[in-house]
Each structure stands twice: as structure tokens, then as C-alpha cells.
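>>> sequence and computational prediction follow.
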Amino acid sequence: MYKKILLPTDGSEYSVREVERATKLLAEGGEVIVLGVVIEIRKTAFHRSKDVERTNKEAVKEAEANVKAMKDLFDDSINVRTLVKKGFPSEKINEVAEKEDCDLIIIASSGKSGLHKFVIGSVAESVLKNAEKDVLLIHD
């Protein structure tokens with residue numbers, strides 16, 4: 001049983017599976033941290049500042065909605081906290097796992113289709129390769 005579990009989410013349909021696993025593996029009195037990571041768009045010569053700011057704000061709102069939706073899947077008896085961080089997903093996931101002293105990271109192997117499937121799959125792979133914590137990879 002694990003005392004603190006990190007659940008990174010991109011809002012995919014696999015969240016339910018991750019919640020089920022976390023619920024089964026969480027020690028009594030333990031904590032789950034649901035994490036959303038936002039990749040900020042930087043202003044370039046091709047982007048207007050206003051558009052970049054709006055896009056970044058929308059990305060944060062979407063991540064906040066995703067972590068809330070995942071939190072809402074848990075029974076009220078389970079201690080769940082949400083976080084939204086900005087950065088490169090695999091790096092931020094491992095950073096939060098270390099900083100929060102999590103015992104386990106549960107992550108889906110891919111949550112989207114097409115190009116997003118490749119990107120999300122590579123995030124899970126990078127987390128798996130670089131984590132200093134236990135990782136449970138949920139296959140789609």
C-alpha cells in the first residue's frame with residue numbers, strides 16, 4: 001500500500017482506470033495528488049501577445065477542469081489534492097513526485113489519438129525512464 005500517490009492527468013478517458021488503481025493501492029489515511037501540467041506557449045514574432053496570453057489562460061483553465069474532474073471520481077472518504085503546474089509534462093511530473101515525496105506515480109500510456117497519442121505516450125515513457133519513484137503504467 002502507498003501513502004502518497006501522484007496521478008498526472010490530461011483529461012483523457014483513462015482517468016477512471018487510474019482512479020480505480022489508486023483507490024486500490026492507497027494506504028488508509030493516504031493522499032492522492034491529481035496533477036495537470038500546462039505547456040505554456042511563448043510569444044514569437046508570429047504570435048500576438050494578446051493571443052498567447054489568451055491561449056495560455058485557456059490551457060490553465062482546461063487543466064484545472066481536468067484535475068477537478070478526476071478528483072470528483074474519487075469517493076469523498078479519500079484525501080485528494082489537486083495541482084496545476086506549468087512546464088514540460090514528464091519533467092514536471094517527476095519533479096512534483098520528488099518534491100511531494102510521493103511513493104507511486106500512476107500514469108496512462110496514452111490518452112489521445114493521432115499526434116497527441118504519440119506525445120502523451122512519450123510523456124509516460126519519459127516519466128517511466130526518469131522517475132526515481134515507483135511508476136504504474138496503465139495501458140490503453
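Ah, there it is.

>>> which SSE is immediately downstream of the lowest-mean-pLDDT helix or strand in the chain?
When the helices and strands of the chain are compared on mean pLDDT, DSSP states H and E, helix 114-130 comes out lowest with a mean of 71. Using DSSP states H and E, the helix or strand that follows helix 114-130 in sequence is strand 134-138.

>>> which of the residues in that following strand are buried?
By 16 or more other CB atoms under 10 Å, the buried positions in strand 134-138 come out as Val135, Leu136, Ile138. Heads up, the C-betas are built off the backbone N, CA and C, glycines and all.

>>> give me the beta-bridge partners of the first one?
Applying DSSP bridges to Val135 yields these beta-bridge partners: Ile105.

>>> which residues touch it?
Leu104, Ile105, Ile106, Ile107, Val127, Leu128 (CB atoms under 8 Å, 6 or more residues apart in numbering).

>>> how does it look with 7 Å?
Ile105, Ile107, Val127, Leu128 (CB atoms under 7 Å, 6 or more residues apart in numbering).

>>> what of the second one?
Under the criterion of CB under 7 Å, 6+ apart, the contact partners of Leu136 comprise Arg21, Leu104, Ile106.

>>> so after the longest helix that the chain contains, what's the next helix or strand?
For the chain, the longest helix by residue count, based on DSSP state H, is helix 49-71. Next along the chain after helix 49-71, taking DSSP H and E as the criterion, comes strand 79-86.

>>> buried set for that next one?
Using 16+ other CB under 10 Å as the test for burial, strand 79-86 gives Val80, Thr82, Leu83, Val84, Lys85.

>>> with pLDDT and distance to Glu64 as added columns, please give these in a markdown table.
Shown next, in a markdown table, are the buried residues of strand 79-86 (pLDDT from 0 to 100; distance: CB to CB, whole Å):
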| residue | pLDDT | distance to Glu64 |
| --- | --- | --- |
| Val80 | 98 | 14 |
| Thr82 | 98 | 8 |
| Leu83 | 98 | 10 |
| Val84 | 98 | 5 |
| Lys85 | 97 | 11 |
